[in-house]
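Participant: sharing a model that was predicted from the sequence below.
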Amino acid sequence: MGAMFSTGRSNGIGRHARAVLAAAAAISAICAFANQASASFTFSEDTVTVPSAVVLAPDLVSNSTFFDSPVTGSVSTVRLSPYGSGDTTHAYSALEINRTLFGQGKISIETATYNFAKGASALSLFWGSPDTKNTIQFWSGLNGTGTELFCITGGGPTTGCSGALQVASLQHSSGGNGSLVHDLVTFLSTGLFDSMVLTTTQNAFEYTSIIPDPTPLPAALPLYAAGMGVMGFVGWRRKRQQAKTTAA
């Protein structure tokens, strides 16, 4: 009888543990969805600071032939280094559509996608010669899927942002990018985003120093799940004791 009691108790706790874990997973999913659904973006610009070159490889590019990374220096009519036309030291990435100069033809659009599997709520990017043909989109899902949370262009009308929940352009957009060589842009979100898609429809989208800020689950969630476990176990023990008393 002792062995049977021990087995039954183990099964009971095992079932309860599975239920608690399932509940915790559900709460996590609800929190993540709520964070994404209510995400509000702000951004700031810094045209003075020149950060160190940090080249982060994308998870996906639409056409690898028209994507240069890491690359240094500038090529007339193809790409301009975010660090200035005379710089040949700092590395960066460039999305291009016209490489006829290299005998590789021309395409109409080029994209690079960056995934943040654990979610992120902040990101900095060193944006070279931003203009109306450069677009950044933030998405709730990986690989530019789910809900488009925010979209921004390098200046002027946000034509590349149709369908976005929120749209914006850089503050200097009214006069075009002019002589602006670079812009360190920092994005902040009240929720989480899982991917970012960079797009260009002309030469070129030059950038570097993508620094994401991974955001963990809400700090209270593990405590909440643990509390559920403790309360559930106490309730299970109480019911078992009541059942034994009634049987006696």
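Facilitator: That came through fine. Residues are numbered from 1 along each chain as shown.

Participant: surely P58 is in contact with E110?
Facilitator: No: look at P58 against E110 with Cβ atoms under 8 Å: they stay out of range, at 11.1 Å. (C-beta placed from N, C-alpha, C; glycine too.)

Participant: overlap of the contact sets of those two?
Facilitator: By Cβ atoms under 8 Å, 6 or more residues apart in numbering, P58 and E110 have these common neighbours: F67.

Participant: okay, the two: which has more neighbours?
Facilitator: A count of neighbours by other Cβ atoms under 10 Å puts E110 above the other of P58 and E110, at 25 against 18.

Participant: identify the bridge partners of the residue nearest to the more buried one when sequence neighbours are not counted.
Facilitator: In space, and not counting its chain neighbours, E110 is closest to L95: 4.4 Å by Cβ to Cβ, 6 or more residues apart in numbering. Bridge pairing for L95 (DSSP bridges) gives the partners F67, F205.

Participant: pretty sure L95 is touching T111, no?
Facilitator: Yes: using Cβ under 8 Å, L95 makes contact with T111 at a distance of 7.2 Å.

Participant: pull up the overlap in contacts between those two.
Facilitator: Among the neighbours of L95, those also in contact with T111 (Cβ under 8 Å, 6+ apart) are V61, L198, T199, T200.

Participant: between these, which is nearest P212?
Facilitator: P212 lies nearest to L198 out of the shared contacts of L95 and T111, by Cβ to Cβ, at 13.3 Å.

Participant: in a strand, that's where the closest one is, yeah?
Facilitator: Yes: residue assignment for L198, taken from DSSP: H, G, I helix; E, B strand; the rest coil, places it within a strand.

Participant: could you report the pLDDT at it?
Facilitator: With respect to pLDDT, L198 scores 97.

Participant: and the closest residue to it other than its chain neighbours, how far from A94?
Facilitator: With sequence-adjacent residues excluded and distances taken as Cβ to Cβ, 6+ apart, L198 is closest to A112, at 4.7 Å. The gap separating A112 from A94 is 10 Å, by Cβ to Cβ, to the nearest Å.

Participant: which one's more surrounded, these two?
Facilitator: A94 (27 against 24).

Participant: please name the residues that touch that one.
Facilitator: Contacts for A94 (Cβ under 8 Å, 6+ apart) come out as F67, D68, S69, V71, V78, R79, A204, F205, E206, Y207.

Participant: what's the farthest-apart pair in those?
Facilitator: Pairwise distances across the contacts of A94 peak at 15.1 Å for V78 and Y207 (criterion: Cβ to Cβ).

Participant: the more surrounded of these two?
Facilitator: With neighbours defined as other Cβ under 10 Å, V78 and Y207 compare such that Y207 has more, 27 against 16.

Participant: the more buried one against L123, yeah?
Facilitator: No: contact criterion Cβ under 8 Å: Y207 and L123 do not qualify, at 11.6 Å.

Participant: now do the contacts for the residue nearest to L198.
Facilitator: A112 sits in contact with P58, L60, V61, S62, F67, S93, L95, V197, L198, where contact means Cβ under 8 Å, 6+ apart.

Participant: restricted to buried residues, select these in PyMOL.
Facilitator: To isolate the buried ones among those in PyMOL, judged by 16 or more other Cβ atoms under 10 Å, type:
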select buried, resi 58+61+67+93+95+197+198
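
Participant: low pLDDT regions in this structure?
Facilitator: 1-38, 156-159, 162-166, 171-179, 214-248 (pLDDT under 70).

Participant: ranges for the helices of it?
Facilitator: 2-37, 220-247 (DSSP state H).

Participant: how's this protein carved up into domains?
Facilitator: With domains defined by automatic domain parsing, the chain comprises 2-32+220-247, 40-214.
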